[in-house]
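J.: just coords:
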């Protein structure tokens, strides 16, 4: 009774893996009730941002600018969209770009284009650009609605 140590059953090893997921601005936590838990979380911000640089963002915005100019929108809507695009491009060019400012200007671009006509090619291009830029914007992408 005193000489023998009661052996405990071996704990089963458990593993949980999530592949192919893109998690931005949040934390993943997994545990099992009543068990020891080890959580490892690794992320590469640059990979999450798809390697976009400010220069890449400017190029995408220039593509959108070309599309807006070619769309034959009413003059006031075109002017409004181009003004906000210009501001977004200027900010994205900065080494310490304020991504909230870029995102807010892009929201205004979207608002101007959305009122023109969601069915136009320019609106489709704007949505494509916004989706491509969203990872670079990180948390500031919350300002965009697409």
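T.: Looks like it arrived, so ask away. Keep in mind that this is a model prediction, so the values were computed, not measured.

J.: where along the protein do the helices fall?
T.: Secondary structure of the chain, counting by DSSP state H: helices at 45-48, 54-70, 75-93, 99-116, 121-137.

J.: what distance do you get for residue 109 to residue 62?
T.: Here the criterion is CB to CB, to the nearest Å. By it, residue 109 lies 13 Å from residue 62. For glycine as for every other residue, the C-beta is placed from the backbone atoms N, C-alpha and C.

J.: so those two - more neighbours on which side?
T.: residue 109 (27 against 13; other CB atoms under 10 Å).

J.: OK, contacts around the closest residue in space to the more buried one that isn't next to it in sequence?
T.: Spatially, and ignoring its direct neighbours in sequence, residue 109 is nearest to residue 84 (4.5 Å; CB to CB, 6 or more residues apart in numbering). Shown here is residue 84, whose contacts under the criterion CB atoms under 8 Å, 6 or more residues apart in numbering are 105-106, 108-109, 112.

J.: which residues of this structure score low on pLDDT?
T.: Low-confidence segments of the chain, defined by pLDDT under 70, span residues 1-50, 117-119, 145-146.

J.: go again using 90 as the cut-off
T.: Filtered on pLDDT under 90, the chain yields the residue ranges 1-54, 71-74, 110-127, 138-146.

J.: one step back: deepest of the helices of the chain, which one?
T.: The highest average neighbour count among those, using mean count of other CB atoms under 10 Å, belongs to helix 99-116 at a mean of 20.

J.: now do the contacts for residue 87.
T.: Contact analysis of residue 87 by CB under 8 Å, 6+ apart lists 101, 105.

J.: repeat that with 6 Å
T.: The contact partners of residue 87, by CB atoms under 6 Å, 6 or more residues apart in numbering, come to residue 105.

J.: do residue 98 as well
T.: Contact criterion CB under 6 Å, 6+ apart gives residue 91 as the residues in contact with residue 98.

J.: next, give phi and psi for it.
T.: Main-chain torsions, residue 98, degrees, to the nearest 10: phi -90, psi 100.

J.: next one: it from residue 129, what distance?
T.: As for residue 98, its distance to residue 129 is 19 Å (criterion: CB to CB).

J.: what do you get for residue 68?
T.: Going from residue 68 to residue 129 by CB to CB gives 11 Å.

J.: next one: residue 52
T.: Using CB to CB, residue 52 is found at 12 Å from residue 129.
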